[in-house]
Each structure stands twice: as C-alpha cells, then as structure tokens.
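In: Everything below, folded, please.
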Amino acid sequence: MKNSLSDWSKEQLIAEIKRLKKRKKFGLVWEDKPEDVAERCKSELPVLIDVTEREISGDSKTTNILIEGDNYHALSVLNYTHKGKIDVIYIDPPYNTGARDWKYNNDYVDENDSYRHSKWLSFMEKRIKLAKTLLRPSGVFICTIDENEHSSLGLLLQEIFFDREIVCVTIIHNPGGIQGKNFSYCHEYAYFVYPAGGTYISTVERNDIDPTPLRDWGKESSKRKAAKTCFYPIYVKDGEVLSFGDVCPDKFHPGKANILRKDGVVEVYPIDRNGIERKWRFSRNSIEGIKKEILCRRLKDELVIVRAKTNYRWKTVWDDGRYNANVYGTQLLNSIIKTTFPFPKSLYAVEDCIKAVMHNKDNALILDFFAGSGTTGHAVLNLNKNDNGTRRFILCTNNENQIAENVCYPRIKNISIGYKDSKGEKVNGLGGNLKYFRTDFVDAEPTDKNKKRLTLAATEMLCLKEDAFEQVANNKKGFKIFKNADHYMGIVFDQMAIQDFKDAIRGIKGRFSVYVFSLGDDSFEEEFEDLEQKVTLSPIPEAILRVYRRIFRG
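Out: Just a heads-up that it's a prediction; the model follows:
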C-alpha cells in the first residue's frame, strides 16, 4: 500500500487521477469495509443442514422455511434455490442507532466508530444486491428504517434499484414518542420498491368515510358542458339504484333532478336545486365499474345519488393504533413467549405492508432475511387464517444471543400449534408447516473430492429449490427421491446408479426434476432419452458452483 505521494510512480499517479475522474459526481459514496462472512465464502461454500427435531408438521399443504445462520450465507443459498421466485421481500434491518445493536466482523458497532455508517452501508449493500435477484419481475421490496440511516438507505436503494419506483411511507409506530435532543420521534419509515410504470400497490378497504355526492358542484368545471358524457339518468326504484341510462342528447333538458315515471322508476339527473345542469363525477363508460358503490339517499324532498367508496389507495402516512409497536409488538410477543427481545415490530404494521402489495394474491412467497422475533412469519400465517390463503414465508436470522433458537423459532412454533398466553388463556394455533435449516460449509477448492462433498451436502438445498420434502426413496446404490403432491425430485449421487433410478421412477406418475452428479457439466440426456417426457435434467454441483462463482468471485 502506498504511504505517500513519493511512493507513486508518474504512471501510477496518472492512472489514479483518471480513476478518480471517472467516479460519480452525485450519489452515495462510502468506504467499502470488507466483511468476514463474505470473505469466508471465498474458501468455503454455504450449504444447509436439516434440523429435523425443529420441524413443525400441521395440516397445511404448504411448507414454510426458517434458516438459522448469517443472512449473507442464507441469501447466497437462496440465489441458487429461489432466483426470481420471491413475490415480496420485507426486512427490518438494524437501524444503526449507535447503541451497539448490531455487529460487524464480530464487533459491536457503537456511536464512536468512525466507520459506523460505512460499515452499515457495506453490510446492507451486499445483502440487498443478493436479495434483488430473488424477486420476481413483479416482486416488491420493502425495508423499514428510522432517522439514523433514512437518507443513506434511500440513496442506496436508488443505486441498486435504479430501474424501479421507490416510495417512502411514514408509519406512526410510537404515538408517545422517543425523546431526542430536539424532537420526539414517533415514527419510522418504510421504503416500497416496485417495478416502474405499472400498478403494484393494492387498495385498502375502509368503512369509516362518509359517502360523497356523485353530482359535481361548485365551479364552471362542474357544469354539463364541461363533460357531456357525464350527463345521463340514473334509474332508481324503491330507494335502490337499478341501472344507468344513455348519455343525453345535447338538446334534451329534463328540467329537474327527479322525474317519476308511471312504472315507479325515478330518473335522477345531476341537476342542482337552482335548476343548473351539472354533471356526474363519472362518465357513462366508467360508472358501471363502480356500480356497487353507487347508492340513493333521500335529502328532504329529493333523491340524491352518492358514492359509498370502500376501497382507497394507501396513503404515504400510516397512523393507526394497530401500528403501536409497544402494544402489538413488545406486549404481544411477551404474551406468546417469555423474552426480552428489544423493539419487535407491530404485527399489524408488517401485515399491512404485505397486504399493500399483494394484489389479492393469496399464494405469495414472502422473504424476510432479518427475521428477528419472527413477526413477518406471524403476519403471513395470520393473513392466511383470515382469508384461507396459502402464502408461504422464508425467514432468515442468525443465532446471535440465541435469537433463532429462543425467540424466532419458539414464536413460530407457538402461533402455529397454539399456546397459553401470559394470562394463562388458550390461544388457538394458526396452522402451517415449517422446515428448519441451519447454514453449514464445504471446502470451496474445486477438486473432484470437494465437488462430491458439495453434491452430498446439497440434498437440503435441492429439496428447498423444488419445494419437495417428503422422502419416498433412499437407495443405498446412490439416489434419493422426494415428492410434493404429484411433483417429484430425484438426486442421483452416483452415475452407476442411473439405471436403478430409472427403473424406480418408471412406474411413478408425475413429473421429475432430476439432478445427476457430474464432475463437469454433463446432464446425461442420452441416458434419459427414453424418459425425456417425464424428467427435467440438471447437473450438480456445477449449477450450484456457477451461482457461487458469480456471487463470490465476480
């Protein structure tokens, strides 16, 4: 490393000046800090171990996942198993308050660390970049944060998701406020990142807003001449809206708002009490789409049309008592398990974040790689219970201070199978199956021996990739078969066992994803020609190594 300018040659100085000139002139710049967990992957490759004693088996058709380990390693595994498969990513990372609430390279980062913000940005950038590749094209990324890194996170997200829309929502999560040096903080932020140019945020149902008049009023723009297609009759009988008439000809003037026909139907026009012809707020072409929201009311001696809207766009400030992190975070968690876990999220704040991007998709896959106390998993199960959905979650958390073992897993277990709360009252379980994995490692040196070891250690990764966990065959000659409904996954560890494997699956109905051990990239298509309509072939471990080379060395 050069210690002074005198150590540099003329050519080196010129090269350095050119490099500096190429640096961006605007944006987020920080000193990247190497991280031990990332450096480790250059010599060891992450895999998964199935912790069978923590499996939860219920009556659900879907299986949720909890991965114990550093989330950098877990995300690396998921880059092979779930690339482009995640619908929603919700994370609540460490807020970098300076209160020694997170570690970097095994040391707590406090407010006196001169590289505190650089370490946090390095930490987050690595993980968000890995997470980005997991999203479906329509997927949405959500990250909550407080004032300490709010602006830094916003710029970081702009760099990583440069082609997406980014909106910051304010959530009032502590109505009482936390006293700062000048302000009392009562809110946090939630960044929503979604594809540009489309509609990806759903509507929220509200019943606390009074109906509004459908007839426009007040200004010249509310008169009939301003929008001719908005002047037509609405047919009402016995107080019920029946249908909508055609747009009235220019020369037709009904004269009054209500015209009673002989059949008892009232034709209601957008005419005010002064006889001025105005217009409905919706054209004839669009009114049909909200017919269920159009109601008739009697106001004195006149029938008026109102719109009782129930679905609204989510606002950018969320203020609801259900978001109180003390009541629906800390107190709720303490009623489920005995713990001193600090600052758990409000269950309903997380639930609404997920609901806001669901588009009524009740079978979504949700990832949280800062799972902490498991609020996201709880929210997913609660949503499924409320609407009979089949959403699934993947939670990743380290075991720092036994968070995975003593907080996240016990909470998920209790809310799945049921528990007695802090008052001793029984709370029914929300259901759901769970597979518990722990990250492990194999040597990264690309020897034949290590490739074989990686293949043997990849069973859990392949089961996770194919969502097939029920083992139906374990042949000592060198293959295993797993299933999920009518989808099967086979692993052939020894090329000499290919024929035995083919014989075993020939009479089984269903499609097979088959992974065959190869020192190279041979998928053995010729050997499976007679079953090509039944199987999809992939070589291992090369497919895994290809992903890891991209992440760790490129």
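In: Could you list the low-pLDDT ranges of the protein?
Out: Residue ranges of the chain with pLDDT under 70: 1-7, 22-27, 360, 554.
In: Tell me who's in contact with residue 115.
Out: Residues in contact with residue 115 (C-beta atoms under 8 Å, 6 or more residues apart in numbering) are 31, 33. (Glycine included, C-beta is placed from N, CA and C.)
In: could you redo the last one with a cut-off of 10 Å?
Out: Contact analysis of residue 115 by C-beta atoms under 10 Å, 6 or more residues apart in numbering lists 30-31, 33, 104, 109, 121-122.
In: Mind checking which of the residues you listed land in strands?
Out: Cross-referencing those against strands under DSSP state E gives 104, 109.
In: Could you export the contacts of residue 115 to CSV, including columns for distance to residue 13 and neighbour count?
Out: Formatted as CSV, the contacts of residue 115 follow (distance: C-beta to C-beta, whole Å; neighbours: other C-beta atoms under 10 Å):
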residue, distance to residue 13, neighbour count
30, 24, 16
31, 21, 10
33, 26, 14
104, 33, 20
109, 35, 23
121, 29, 23
122, 28, 19
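In: I'd like the contacts of residue 115 laid out as a markdown table, including distance to residue 51.
Out: A markdown table is the format used below for the contacts of residue 115 (distance: C-beta to C-beta, whole Å):
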| residue | distance to residue 51 |
| --- | --- |
| 30 | 37 |
| 31 | 38 |
| 33 | 32 |
| 104 | 27 |
| 109 | 30 |
| 121 | 33 |
| 122 | 30 |
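In: Looking at the contacts of residue 115, which one is closest to residue 53?
Out: When the contacts of residue 115 are ranked by distance to residue 53 (C-beta to C-beta), residue 104 comes first, at 32.0 Å.
In: Hmm, that closest one is touching residue 116, no?
Out: Yes - Residue 104 lies in contact with residue 116 (C-beta atoms under 10 Å); the separation is 8.9 Å.
In: what's around the nearest residue to residue 404 once chain neighbours are set aside, how many residues?
Out: Of all residues not flanking residue 404 in the chain, residue 68 sits nearest, at 4.1 Å (C-beta to C-beta, 6 or more residues apart in numbering). Using other C-beta atoms under 10 Å, residue 68 is surrounded by 24 other residues.
In: repeat for residue 230
Out: When neighbours are counted by other C-beta under 10 Å, residue 230 registers 23.
In: ok, so what distance separates it from residue 247?
Out: Taking C-beta to C-beta, to the nearest Å as the measure, residue 230 falls 8 Å from residue 247.
In: same deal with residue 373?
Out: Counting by C-beta to C-beta, the gap from residue 373 to residue 247 is 58 Å.
In: how about the strands of the stretch 451-554 of the chain, start to end?
Out: For the stretch 451-554 of the chain, strands defined by DSSP state E, counting those that start in this stretch occupy the ranges 470-475, 479-484, 487-492, 511-517, 535-540.
In: oh sorry, the question was meant for the stretch 301-450 of the chain
Out: 302-307, 311-313, 317-318, 365-368, 392-397, 418-420, 426-428, 433-443.
In: Figure out which of those strands is closest to residue 495.
Out: Of all those, strand 433-443 comes closest under C-beta to C-beta, at 20.4 Å.
In: Identify the residue spatially nearest to residue 428, adjacent ones excluded.
Out: residue 418 (5.2 Å).
In: Any idea how many residues pack against the one you found?
Out: So residue 418, with other C-beta under 10 Å, has 13 neighbours.
In: these two touch, right, it and residue 381?
Out: No - using C-beta under 10 Å, residue 418 is not in contact with residue 381, being 11.9 Å away.
In: Between these two, which contacts overlap?
Out: Contacts common to residue 418 and residue 381, judged by C-beta under 10 Å, 6+ apart, are 429-431.
In: Go through these and name the one nearest residue 157.
Out: For the shared contacts of residue 418 and residue 381, the nearest to residue 157 is residue 430 (32.1 Å; C-beta to C-beta).
In: The stretch 51-200 of the chain: helices as residue ranges?
Out: 71-81, 116-132, 150-160 (DSSP state H, counting those that start in this stretch).
In: Isn't residue 99 up against residue 342?
Out: Yes - the pair residue 99 / residue 342 is scored as a contact, 9.4 Å apart, by C-beta under 10 Å.
In: Which residues lie in contact with residue 218 in this structure?
Out: 272, 278.
In: quick one: it and residue 272, what's the gap?
Out: In terms of C-beta to C-beta, residue 218 sits 10 Å off from residue 272.
In: so what sits against both of the two?
Out: Here residue 218 and residue 272 share the contacting residues residue 278, scored by C-beta under 10 Å, 6+ apart.
In: picking up where we left off before, quick one: which of the contacts of residue 115 is nearest residue 496?
Out: Nearest to residue 496 among these: residue 122, at 47.1 Å, using C-beta to C-beta.
In: Quick check, the closest one in contact with residue 28.
Out: No - if you go by C-beta under 10 Å, residue 122 and residue 28 don't touch, sitting 11.7 Å apart.
In: Break the chain down into its domains, please.
Out: Under the assignment automatic domain parsing, the domains of the chain span 32-201+315-437, 212-309, 445-552.
In: beta partners of the most centrally placed residue in the chain?
Out: In the chain, the residue lying closest to the centroid (C-alpha atoms, centre = their mean) is residue 88, at 1.9 Å. Here residue 88 sits in beta bridges with residue 140, residue 366, going by DSSP bridges.
In: Tell me how far it lies from residue 251.
Out: From residue 88 over to residue 251 (counting by C-beta to C-beta), the distance is 55 Å.
In: Then residue 422?
Out: Taking C-beta to C-beta, one finds residue 422 at 74 Å from residue 251.
In: Which one of those two is surrounded by more residues?
Out: Each of residue 422 and residue 251 has its neighbours counted (other C-beta under 10 Å); residue 422 has more, 12 against 5.
In: how about the nearest residue to the more buried one, chain neighbours excluded?
Out: Nearest to residue 422 is residue 335, by C-beta to C-beta, 6+ apart, at 4.4 Å.
In: surely the one you found meets residue 425?
Out: Yes - assessed by C-beta under 10 Å, residue 335 is found in contact with residue 425 at 9.2 Å.
In: More neighbours: those two, which one.
Out: Taking other C-beta under 10 Å, residue 335 and residue 425 do not tie; residue 335 has more neighbours (16 against 9).
In: so who does the more buried one touch?
Out: Residues near residue 335 by C-beta under 10 Å, 6+ apart: 414, 419-423, 425, 427.
In: Test my guess that residue 95 contacts residue 102.
Out: Yes - counting by C-beta under 10 Å, residue 102 is a contact partner of residue 95 at 8.6 Å.
In: any shared contact partners between those two?
Out: If you check residue 95 and residue 102 against C-beta under 10 Å, 6+ apart, the residues they both contact are residue 120.
In: higher neighbour count, those two?
Out: Neighbours were counted for residue 95 and for residue 102 using other C-beta under 10 Å; residue 95 has more, 20 against 17.
In: Cool, thanks, talk later.
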